[in-house]
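**Student:** Here is my input; please provide its structure:
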Amino acid sequence: MTSTETEDAVRRRTAINDYLKRLLQHKELDSRVRAVRENLRGAKEFGKTEDDLKSLQSVGQIIGEVMRGSSETSFL
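**Tutor:** This is a model prediction of the structure:
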């Protein structure tokens, strides 16, 4: 092997090692992004559930007002 071939081999190994490090970093960041997305998805579902409960409470209040206005002799 000549000196230039040895230098090329060293540069290749260095490039491959750098690539593998970057690939590992990418995988770690990708897993973090997935975890954050999953948490965000859960928060959105919680918000929807909260809105549904508010709507149900409003409907219950309306029904209560209608029932209060009716007497035992009148029917809906």
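**Student:** now the helices: where do they sit in the chain?
**Tutor:** 3-69 (DSSP state H).
**Student:** Tell me where the model's unsure across it.
**Tutor:** Within the chain, the ranges that satisfy pLDDT under 70 run 1, 71-76.
**Student:** who's in contact with the residue most central in space within it?
**Tutor:** Computing the C-alpha centroid of the chain and ranking residues by Cα atoms, centre = their mean puts residue 37 first, at 2.4 Å. The contact partners of residue 37, taken as Cβ atoms under 8 Å, 6 or more residues apart in numbering, number zero. Backbone N, C-alpha and C define where each C-beta goes, glycine included.
**Student:** Tell me the spacing between it and residue 43.
**Tutor:** 11 Å (Cβ to Cβ, to the nearest Å).
**Student:** Residue 63 too?
**Tutor:** If you go by Cβ to Cβ, the gap between residue 63 and residue 43 works out to 31 Å.
**Student:** now do residue 4
**Tutor:** Note on residue 4: its distance to residue 43, by Cβ to Cβ, is 58 Å.
**Student:** do the same with residue 14
**Tutor:** From residue 14 over to residue 43 the distance is 44 Å, taken as Cβ to Cβ.
**Student:** This completes my enquiry, with thanks.
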